[in-house]
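**Student:** sequence first, then the predicted structure, then my questions.
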Amino acid sequence: MASHRKSRPAGTRVAGIRTPGLATAALTSVALLSQTANASPSTDDKPSLEEVEKKVDDLYRQAETATEKYNAVKEKTTKQRKQVDTLLDDVAKRTQKLNDAREELGSFAAAQYRTGASAPDTATFLLADSPQDYFDQTQLMSRMTGRQKEAVDDYITEQSATMKKRKEATESLRTLNESQTDLRTAKSTVQKKLSDARNLLSQLTAEEKARLAAIERKRQEEAARKAAELAEQQAAEEQRRKEAAEAAAEQQESGSSGSTETSTGSTGSESTADSSYAAKAEKAIAFARAQIGKPYVWGATGPDSYDCSGLTQAAWNAAGISLPRTTYDQVNAGTTVSLANALPGDLVFFYDDVTHVGIYIGNGMMIHAPKPGTYVREESVYYDGEGSIHSVVRPA
């Protein structure tokens, strides 16, 4: 077939087919491009900035979830340690009483042996670990005085109680060891998530970090806008309640009806309750505000650093209200209210797994310890989007 082809002048091209010279150059270029592509595949595989941001946020969220689990296990371990210490103290005291009872039995046996009041076998019986086995021997029982019988009874009682407490202590120690293993696992998980997040961020270029900061600013601006909308909504609702209360007061003064007086009395009671809560909330918020600028540290409860639930627990403790340690328990430590009806001092919880919390300060804003690498700060409750808000709880 090749013999029927006509040769063409160099440098010409027909129907898109290159001449041998150009074809060679093209093949060379393709080879070079192929080598370049093989030499640096990371450019194509590198995740986008948005993907990096999402991954980092996910890692921080996972770290916060692990932190709350760590807090729960740590609290459990602390309680178990106290229980074990109490049991060990009790066992020590009972062991001493058991030894005292054993010595008393020994003195009785020695006295009987010296006076010949009983056969040598009696001493063996009195000093045995299980004297109960010999109680059916009426001959020996008849030789015992009332005080001796009482001493034997005391010994048997103490022996049984001591064995029971030793068993409880052994089981508690086993449970404690398991909890400590869980604690180490939870701590390792937190550290791994934080390390992964830091590694991802360290790989960003200066330009990418600047773009990421711009994305964060835009997010904060949107969160601030949503907070302002919530503040307007709450102000309108407060105005409506105020006008309703004034109208009810006017009706009471004019003595329009007995039912109005009943209604007004109820309103007064609610007002008193709100006033009491407001006074406590003011103390809690004042404490939280004084912590602004302190670093987030997972598992920390103050005074130099906090995690999210550690901050809310400490804030309400300053107001005389004791809250549980973890978000999982704090969310059940009060009355759930709507976000529209949130009052300063209420706790705002986030995410479906309830792993973050802040203290509401009004106008759509809260004080919280956001995440590792940040500081306690005042921020919109919409800081991570409206969909992240789980619930609002009034703790007192």
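**Tutor:** Cool, the structure landed.

**Student:** let me see the ranges of the helices in this structure.
**Tutor:** In the chain, the segments counted as helices under DSSP state H are 20-39, 42-45, 49-115, 120-127, 138-143, 146-202, 206-254, 258-290, 308-318, 327-330.

**Student:** which of the ones you listed sits most buried?
**Tutor:** Greatest average neighbour count among the helices of the chain goes to helix 308-318 (a mean of 24), per mean count of other CB atoms under 10 Å. (Each C-beta comes from the backbone N, C-alpha and C, glycine too.)

**Student:** tell me the angle that one makes with helix 49-115.
**Tutor:** Interaxial angle, helix 308-318 versus helix 49-115 (axes from the mean of the first three to the mean of the last three CA atoms, to 10 degrees): 60 degrees.

**Student:** show me how far helix 308-318 is from its chain's centre.
**Tutor:** Distance, stretch centre to chain centre, for helix 308-318: 13 Å (CA atoms, centre = their mean, to the nearest Å).

**Student:** what helices or strands is that helix leaning on?
**Tutor:** helix 49-115, helix 258-290, helix 327-330, strand 356-362, strand 365-368 (3 or more CB pairs under 8 Å, 6 or more residues apart in numbering; DSSP states H and E).

**Student:** if you set the cut-off to 7 Å instead, what comes out?
**Tutor:** helix 258-290, helix 327-330, strand 356-362 (3 or more CB pairs under 7 Å, 6 or more residues apart in numbering; DSSP states H and E).

**Student:** pick out the shakiest of these, pLDDT-wise.
**Tutor:** Lowest mean pLDDT within these: helix 258-290, a mean of 73.

**Student:** give me the residue ranges of the stretch 201-350 of the chain where confidence is low.
**Tutor:** Counting by pLDDT under 70, the stretch 201-350 of the chain shows low-confidence ranges at 255-273.

**Student:** try 50 this time
**Tutor:** Scanning the stretch 201-350 of the chain for pLDDT under 50 picks out 260-266, 269.

**Student:** spatially central residue for this structure, please.
**Tutor:** For the chain, the residue nearest the mean C-alpha position is Glu68 (1.9 Å; CA atoms, centre = their mean).

**Student:** pretty sure that one sits against Asp329.
**Tutor:** No: using CB atoms under 7 Å, Glu68 is not in contact with Asp329, being 9.8 Å away.

**Student:** what sits opposite Ile367 in the beta ladder?
**Tutor:** Listed by DSSP bridges, the beta-bridge partners for Ile367 are Ile359, Glu378.

**Student:** list the contacts of it.
**Tutor:** Residues in contact with Ile367 (CB atoms under 7 Å, 6 or more residues apart in numbering) are Ala288, Arg289, Ile292, Gly358, Ile359, Ile361, Val376, Glu378.

**Student:** one more: Gln330?
**Tutor:** Applying CB under 7 Å, 6+ apart to Gln330 gives the contacts Ser309, Thr312, Leu323, Pro324, Leu347, Val357.
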